[in-house]
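> Quick one, structure for this:
(2 chains)
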There are 2 protein chains.
Amino acid sequence: MFKITGRIDKIRIGKLSTMHGVINTPFFLPIATKGAVKQLSPEELRELGAEAILGNTYHLWLRPGEKLVKYAGGLQKFMNWNGPMLTDSGGYQVFSLAGRRGDKDSVKLSEKGVEFRDPADGKKYFMTPEKSIEIQLALGSDIIMVLDECPPYPCSREYAKKSLERKTRWAERCLKYFDKAQRAKRKAKNKSAKLKTEKNNRPLLFGIVQGSVYKDLRQESTKQLLALGFDGYAIGGVAVGEPREKMKKILEWVLPLLPEDRPRYLMGLGRPEEIVFAVARGIDMFDCVIPTRNARHGSLFVWKNGDSISTMEIESPRLFYQTINITNAKYKKDFKTIDLNCDCYTCRNYTRAYLRHLFAVGEPLAGRLATIHNLKFYQDLMKNLRK
Amino acid sequence: MFKITGRIDKIRIGKLSTMHGVINTPFFLPIATKGAVKQLSPEELRELGAEAILGNTYHLWLRPGEKLVKYAGGLQKFMNWNGPMLTDSGGYQVFSLAGRRGDKDSVKLSEKGVEFRDPADGKKYFMTPEKSIEIQLALGSDIIMVLDECPPYPCSREYAKKSLERKTRWAERCLKYFDKAQRAKRKAKNKSAKLKTEKNNRPLLFGIVQGSVYKDLRQESTKQLLALGFDGYAIGGVAVGEPREKMKKILEWVLPLLPEDRPRYLMGLGRPEEIVFAVARGIDMFDCVIPTRNARHGSLFVWKNGDSISTMEIESPRLFYQTINITNAKYKKDFKTIDLNCDCYTCRNYTRAYLRHLFAVGEPLAGRLATIHNLKFYQDLMKNLRK
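Residues are numbered from 1 along each chain as shown, chains lettered A, B, ... in the order given. From the prediction side, this is the model:
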């Protein structure tokens, strides 16, 4: 086991427009891809203990467009979420969604950026590092990610190296554009308002460590990003189909190099035991579709009977929870609470039998109640890990 | 114009298990067909001002089954609704849904009852007047409807007459079964608990006036039901495709015959102006899919600017509201509140542009927010009509 790095316990968000300027770490980001966490209201997210949410640059760029969101006062105001928001760069979706059409020519990657077509209407778009930052600033993001091209797994060493070099150049362009935009903003503000300190008056910009499953590339990527200097560091290109053991290796290679006073974000992960593993190694931030997507299919996380996170075993963390599929016939007459150790809205008010019934007859409330429970499980997990 | 009959202002629900034993009239029943108002939580219904909800006997009988619901403590407890509930008899759905298969033999009507197959799995069921009451009692209904066979429109005088005669015999069988069940219950209670007065300790049973669009049949039906004696009277067989003018005629024929001290329920209606019309003639209760179904398609009710219900014209009530389709492109940049005269959760927190965006990208929150608004419009309409 490698050395556990030091921890930060909070991330301060500098934007004064945000009511809740402090994010407690470690934290998990519920995913509001298109400007809403599926089926949930912002009040429900707040009640669950969500510290921040994740908006998707690619989706919001295409619909409703970043200009409209900016005009609305930022995505938080548009969607009535009065907390911090992180936006991904859109790079992942450009390749995974726009590339989905089967038409290889639909995504054209060059040094300058990436051209793609909207799968919905065929309209052409051109994403560049500068454009990604511009959109994220317009969306009003509190934590902005550099543009990223995520190579698939498996990926040859040669391709990974070439891709990495370009990504470092892109990260530098993102940083330059971001700094320029902040300088322009400060200059404009200076004229009309009292000057704030720089750090209290701007969003954070994160770099993304890439390098596929190659140790030297991952370490090279980390060092290059450190040389550029970011507010936080994400580890990308995991959860793209590689064996989960590789993820552990990647953390082992990268984390010791990252500074202890900057937030560390493991993108796209993961299962509860993976989160426990990663937090123990120093990761502060997570996002993942697992709790929400699984919920919509009736798969629920349940704390193991009598166990609490304090007694869970870090090295074999599967022990502390189980998943149940509530659509299963065996829950038809099960009038117990979904999870005795959970105090979410769903567990306080409904039985397993009722939730199973809602799934069985296709009532949309089913997905909502299940999503509330699974997100609460994740938020409770993070809360327990803070202790 | 015919004479406006006297009004009751409350319906007292006798069941002690119900926390809210009084329903203010006139009122509108949100439809919880399968044990949930689509997408909404019971707390949201309460906040909207819903006095009572409607559960569907046919659907709940098939899934999850009345025995399960009874074991859960009644539908209200199962679905966490702490207010009164009305159940329809299931008759309408037996013909409209089970009959849908195209296979005419799938529904067999006889004097004894009606045999049908579950369209989902082909399983045979036999509905009788007694069975309908038994199911509704098991569901824990506060207002129970007699079993009803609803003839389609148009319907010959001959068929309507024959159908009516059977329905009156069925209504009598419902009443007998209901009385017997109440006597058995009282007898059982007498042994173990303090005796309550009869009226305070049982659900209400409503008869349903039928007779299609024929004046003499409608009036005959009314008199026959009055002779049997019910707690309230519903007018059925409207909103089945007949011209809306016919509905007005039916009210004109039937309402003067109904007693002023018993609730009057117009089943399955209607548009806001129809509700205003019917309330002015003495109707106390309504249910309709319009507000919820329209909401899911983005069609929203909006009070006319500056108008209030107090200034609306009863004879041309369309004036007091309009419908807007929020999915329309013209709302893309409309950052106004959906309805300035509405204080529902949706109007308090979201813009037209945001709601339009949610519909455009297919976010399920769209239907939820729209449903909340439309139901609030209907609840506000009823509240205003009480004044």
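
> and residue A:201, what pLDDT?
The score at residue A:201 is 69. That number is its pLDDT.

> Neighbouring strands - and their directions - for the helix-or-strand element of chain A with minimal mean pLDDT?
Across the helices and strands of chain A, mean pLDDT, DSSP states H and E gives its lowest value to strand A:10-12, namely a mean of 79. With DSSP bridges as the test, strand A:10-12 is paired with strand A:22-24 (antiparallel).

> Buried residues in the partner strand, which are they?
residue A:23 (16 or more other CB atoms under 10 Å in any protein chain shown). Yep, even glycine has a C-beta here, placed from its N, CA and C like the rest.

> Could you tell me the average pLDDT over it, please?
Here the average pLDDT along strand A:22-24 is 88.

> State the phi and psi torsions of residue A:126.
Dihedral pair for residue A:126: phi -130, psi 110, per degrees, to the nearest 10.

> Run through the bridge partners of it.
The partner residues for residue A:126, given DSSP bridges, come to residue A:115.

> State the mean pLDDT of stretch A:278-285.
Rounded mean pLDDT across stretch A:278-285 is 93.

> And the residue of the stretch 151-300 of chain A closest to chain B?
residue A:296 (9.3 Å; CB to the nearest CB).

> neighbours around that residue, how many?
19 (other CB atoms under 10 Å in any protein chain shown).

> Where does pLDDT dip in the stretch 1-150 of chain A?
A:1-7, A:14-20, A:98-105 (pLDDT under 70).

> again, 90 this time
For the stretch 1-150 of chain A, the stretches flagged by pLDDT under 90 are A:1-22, A:91-107, A:119-120, A:148-150.

> who in it is up against chain B?
Residues of the stretch 1-150 of chain A lying near chain B by CB under 8 Å from any CB of the partner chain: A:34-36, A:38-41, A:59, A:63-64, A:68, A:71-72, A:78-80.

> Pick out the most distant pair among the residues you listed.
Within the residues of the stretch 1-150 of chain A next to chain B, A:39 and A:71 form the most distant pair, 26.3 Å apart (CB to CB).

> Of the two, which one has the most company?
Legend: neighbour count by other CB under 10 Å for residue A:39 and residue A:71, higher for residue A:39 (24 against 15).

> how close does the residue lying closest to the more buried one once chain neighbours are set aside sit to residue A:35?
Leaving aside its chain neighbours, residue A:39 sits nearest to residue A:368 (4.2 Å; criterion: CB to CB, 6 or more residues apart in numbering or on different chains). According to CB to CB, to the nearest Å, residue A:368 and residue A:35 sit 17 Å apart.

> now residue A:23
Counting by CB to CB - residue A:23 and residue A:35 are separated by 20 Å.

> OK, contacts around the residue most central in space within chain A?
Closest residue to the average C-alpha location of chain A: residue A:287 at 3.3 Å, with CA atoms, centre = their mean. Residues near residue A:287 by CB atoms under 8 Å, 6 or more residues apart in numbering or on different chains: A:28-29, A:31, A:54, A:86, A:267-268.

> could you dump those residues to TSV with neighbour count, distance to residue A:281 and secondary structure?
Formatted as TSV, the contacts of residue A:287 follow (neighbours: other CB atoms under 10 Å in any protein chain shown; distance: CB to CB, whole Å; DSSP: H, G, I helix; E, B strand; the rest coil):
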residue	neighbour count	distance to residue A:281	secondary structure
A:28	23	16	strand
A:29	25	19	strand
A:31	22	23	strand
A:54	23	22	strand
A:86	25	21	strand
A:267	26	15	coil
A:268	20	17	coil
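
> Out of these, which comes closest to chain B?
residue A:31 (12.2 Å).

> quick check, residue A:249 in a helix?
Yes. Counting by DSSP: H, G, I helix; E, B strand; the rest coil, residue A:249 falls inside a helix.

> didn't it look like it was pressed against residue A:212?
No. Contact criterion CB atoms under 8 Å: residue A:249 and residue A:212 do not qualify, at 11.3 Å.

> the more surrounded of the two?
Neighbour tally, residue A:249 and residue A:212, criterion other CB under 10 Å: the higher count belongs to residue A:212, 26 against 14.
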